[in-house]
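Peer 1: one predicted model, sequence on top.
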Amino acid sequence: MSTRVSAAFCSLIAIFLLALPALAKPRIVIAIQQFKEVADGRSTKLVPAQSASPGDVVEYQLVYRNEGDEPATNAVIQDPIPKGTTYLANSANGDGTEITFSSDKGQTFAPPVKLTYDVKLPNGSVEKRTVTPAEYTNVRWTVKQVPAGASGKVVFRVRVN
């Protein structure tokens, strides 16, 4: 009798394991592209960036897609501001996202008006200061919902130092 229970139990486990890959879940895949602003005298356009020089404006586009079979809720996309560049104020955007920033290399994030740090003044008192866009080290987007099979794009711009 224990052999029958064992065989039945093993069959149930086998069925469960075979079903595991079919369990529904979201799977966000991200591709990053870089573009450089180029002016031709009359207008400015974006071209794929093969290289950049000091003063150039570079736009980073992070294209995301939910390749899973279930909606992704509050999907987080995060990207560091590249070294040797300065974030351009108000350049981060993405439809249906909450955008926050970090000034401590991604340890903490907050909306711009709440991103602060303390400075100890010569008289010993402490003053709270708001972080400037030039001090941002990371950008983070929280996408409220990405349906299965859906895609979107978030962007930000920097100036090469």
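Peer 2: Great, that's in hand. Numbers count the residues shown, from 1 in each chain.

Peer 1: alpha carbons only for contacts and neighbour counts from here, please
Peer 2: OK.

Peer 1: quick one: the lengthiest strand in the chain to chain centroid distance?
Peer 2: The longest strand of the chain (DSSP state E) is strand 28-39. Chain-centre distance of strand 28-39: 13 Å, with CA atoms, centre = their mean, to the nearest Å.

Peer 1: hmm, who's touching that strand?
Peer 2: 44-49, 52, 56-68, 72, 75 (CA atoms under 8 Å, 6 or more residues apart in numbering).

Peer 1: buried members of these into PyMOL, please.
Peer 2: Selection of buried members from these for PyMOL, criterion 16 or more other CA atoms under 10 Å:
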select buried, resi 56+57+58+59+60+61+62+63+64+65+66+67+68+72+75
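
Peer 1: now do stretch 117-126: distance to the chain's middle.
Peer 2: Offset of stretch 117-126 from its chain centre (CA atoms, centre = their mean): 33 Å.

Peer 1: any weak-confidence spans in the protein?
Peer 2: Scanning the chain for pLDDT under 70 picks out the ranges 1-24.

Peer 1: which parts of it are strands?
Peer 2: Per DSSP E, the chain carries strands over the ranges 28-39, 44-48, 57-66, 72-80, 85-87, 97-102, 116-120, 126-130, 138-146, 151-160.

Peer 1: strand partners (parallel or antiparallel) of the second one?
Peer 2: What that stands for is strand 44-48. The strands beside strand 44-48 in its sheet (DSSP bridges) come out as strand 28-39 (antiparallel).

Peer 1: could you check the angle the strand it pairs with makes with strand 72-80?
Peer 2: 50 degrees (axes from the mean of the first three to the mean of the last three CA atoms, to 10 degrees).

Peer 1: how distant is stretch 96-111 from the center of its chain?
Peer 2: With CA atoms, centre = their mean, you get 9 Å for stretch 96-111.

Peer 1: give me the buried positions along that stretch.
Peer 2: By 16+ other CA under 10 Å, the buried positions in stretch 96-111 come out as Thr97, Ile99, Thr100, Phe101, Ser102, Ser103, Gly106, Phe109.

Peer 1: now those as a markdown table including distance to Ile32?
Peer 2: A markdown table is the format used below for the buried residues of stretch 96-111 (distance: CA to CA, whole Å):
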| residue | distance to Ile32 |
| --- | --- |
| Thr97 | 17 |
| Ile99 | 17 |
| Thr100 | 19 |
| Phe101 | 18 |
| Ser102 | 20 |
| Ser103 | 22 |
| Gly106 | 18 |
| Phe109 | 21 |
